[in-house]
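S.K.: this one's sequence-less:
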């Protein structure tokens, strides 16, 4: 639907019939042509010109995809997803053994999200999920007192801001998922899952104590180090 609209607006601009045109490698080309030809338009230029004109409008197409799934039955057996994405993640930390302070120096993640259709948006999804995982692992603590949350605003409940985040490297290991649209799989939430584990594992590797609950705070690391020094486990 989007391609049809693009060809229609390009045809108006070029004074040609839409049936004579095609889209290839980001260009409006003559139908059947193997490469962009002089005098034809980049797709971006055609779309912008369609917007910035009297009574202009953007090219908009809407579609939906419902992945194949097995809904839970009476014994809760089911499969909510037609395919599963995967991730490998690692981080580097620096731990002060005197105070227990943990600094995450960098995070690296490689994601298999099937065919990556829109790389900038996919990377943004991954980076956002990593930030959520980092907050869950390091800065956020949801405490309840007398049945009420202690932190009632974001001044007390510390979400990571841009200045709190370590450098993050995101790469993709593309695959083709036959059940997904154009070979794609999900991309967003998978990057959140490993972050608390890799940070806790890196702390254990650095100073030899393992923290089993989030956040991996300086207080928890300090107490674990003191307990170990006193002969505890």
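M.R.: That came through fine. Keep in mind it's a predicted model, so treat the numbers as computed, not measured.
S.K.: all contacts plus neighbour counts: C-alpha atoms, from now on.
M.R.: Will do.
S.K.: what packs against the longest helix along the chain?
M.R.: Longest among the helix segments of the chain by residue count, using DSSP state H, is helix 119-134. Helix 119-134 sits against strand 168-172, helix 195-207, with contacts defined as 3 or more CA pairs under 8 Å, 6 or more residues apart in numbering; DSSP states H and E.
S.K.: residues making contact with it?
M.R.: By CA atoms under 8 Å, 6 or more residues apart in numbering, the surrounding residues in contact with helix 119-134 are 116, 160, 165, 168, 170-171, 187-196.
S.K.: likewise stretch 186-200?
M.R.: Taking CA under 8 Å, 6+ apart as the rule, stretch 186-200 contacts 84-87, 89-93, 104, 109, 111, 113-114, 122, 125-134, 136-138, 210-212, 214, 216.
S.K.: Let's see the ChimeraX selection covering just the buried ones among those.
M.R.: In ChimeraX syntax, the buried subset of the contacts of stretch 186-200 is picked out as below (16 or more other CA atoms under 10 Å):
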select :85,87,89,90,91,92,93,104,109,111,113,114,122,125,126,127,128,129,130,131,132,133,134,136,137,138,210,211,214,216
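S.K.: For residue 206, state which of the contacts of helix 119-134 is nearest.
M.R.: Among these, residue 196 lies closest to residue 206 (CA to CA), at 15.4 Å.
S.K.: low-confidence ranges in the protein?
M.R.: Where the chain drops to pLDDT under 70, the residues are 33-39, 232-233.
S.K.: Mind doing that once more with 50?
M.R.: Scanning the chain for pLDDT under 50 picks out nothing.
S.K.: And the helices in this structure, which stretches?
M.R.: Using DSSP H, helices in the chain cover 2-14, 43-51, 119-134, 195-207, 218-229.
S.K.: thinking again about what came up before, from the helices and strands packed on helix 119-134, which stretch is densest packed?
M.R.: For these, the largest average neighbour count (mean count of other CA atoms under 10 Å) is found in helix 195-207, namely a mean of 20.
S.K.: how near is the nearest residue to residue 219 once chain neighbours are set aside to residue 94?
M.R.: In this structure, residue 219 finds its nearest non-sequential neighbour in residue 100, 6.4 Å apart by CA to CA, 6 or more residues apart in numbering. Separation of residue 100 from residue 94 (CA to CA, to the nearest Å): 10 Å.
S.K.: Between these two, which has more neighbouring residues?
M.R.: Between residue 100 and residue 94, counted using other CA atoms under 10 Å, the more crowded position is residue 100 (22 against 15).
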